[in-house]
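Trainee: A predicted structure for the sequence below; I have some questions about it.
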Amino acid sequence: MWELVKAGGWPMLPLLLLGVLALAIVLERFWTLRRNEVLPPGLGQEVRNWAARGKLDPTHIQSLRANSPLGALLAVALEARNRPRDQIRERIEDAGRHLVHRMERFLNALGTIASAGPLLGLLGTVVGMIQMFMGILDHGVGDVNQLAGGIGKALVCTATGMIVAIPALMFHRYFKGRIGGYVIEMEMEASALLDALDGRPSVLNTPPRAGAASAAAAPVTAKG
């Protein structure tokens, strides 16, 4: 393994550093974007119960803000509860953009690693090929097996760049998708809280009434 690293030349050093950095980002994002940390189970229902019982003092709201990204979003809605609904939604959208930016921390760096890895690997291969052909120019072709071995060693950088870039790209897309799913669920919880503040029944976890269900299921008869 060490022989391959030495064969790749100096471009292998930044490639290995990029690989270590990508691994650190992936592990950190897995830990930070755990579902229980972003969307604590039952938090939305608990906050709606607060609103129903009138427990909206600053201490509750401050503890909610420090709880999780979902808690921070709901805290913004509670702080603006006395404003018109459209203004509350604007506050929620502004807070949501900041929260998404926070959840996407380091993802730009991960995407950059995915893009730069193959280019850096190709650079190392080109540098190795140039050195090899300069040697041929000075000393002739010599042993064909040695020439083939030199080409293989030069391609080590390209292979390393792909090994670094492919997982980085996959995890970058994965975390983007996970954050997108979290955002949708946070929007649903915020809308349910707004309904609770307005005194309307929430669409979350609200079973249909039996009368309404039977009325919806009853066939429509024509008049006349």
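Mentor: Good, I have the coordinates.
Trainee: Any idea how many residues pack against V47?
Mentor: V47 is flanked by 27 other residues according to other Cβ atoms under 10 Å. C-beta here means a position set from N, CA and C on the backbone, and glycine is covered the same way.
Trainee: Figure out the helix or strand that A192 lives in.
Mentor: Here A192, judged by DSSP states H and E, is contained in helix 156-198.
Trainee: Next, count neighbours for R91.
Mentor: R91 has 15 neighbours, counted by other Cβ under 10 Å.
Trainee: Identify the residue spatially nearest to it, adjacent ones excluded.
Mentor: Closest residue to R91 apart from its sequence neighbours, by Cβ to Cβ, 6 or more residues apart in numbering: A80 at 4.7 Å.
Trainee: How about the secondary structure of P40?
Mentor: What DSSP: H, G, I helix; E, B strand; the rest coil gives for P40 is coil.
Trainee: Who are the contact partners of L155?
Mentor: T125 (Cβ atoms under 8 Å, 6 or more residues apart in numbering).
Trainee: returning to what we had before: ok, the residue nearest to R91 to L193 distance?
Mentor: Counting by Cβ to Cβ, to the nearest Å, the gap from A80 to L193 is 11 Å.
Trainee: show me what contacts the residue nearest to R91?
Mentor: Contacts for A80 (Cβ under 8 Å, 6+ apart) come out as Q87, I88, R91.
Trainee: Sitting in helices, which of the residues you listed do you find?
Mentor: Q87, I88, R91 (DSSP state H).
Trainee: Does the second one touch L193 like I think?
Mentor: No - at 9.3 Å, I88 and L193 do not qualify as touching, with contact defined as Cβ atoms under 8 Å.
Trainee: Find residues that contact each of these two.
Mentor: Each of A77 lies in contact with both I88 and L193 under the rule Cβ under 8 Å, 6+ apart.
Trainee: still on that earlier bit, and the residue nearest to R91, what's its pLDDT?
Mentor: A80 is assigned a predicted lDDT (pLDDT) of 83.
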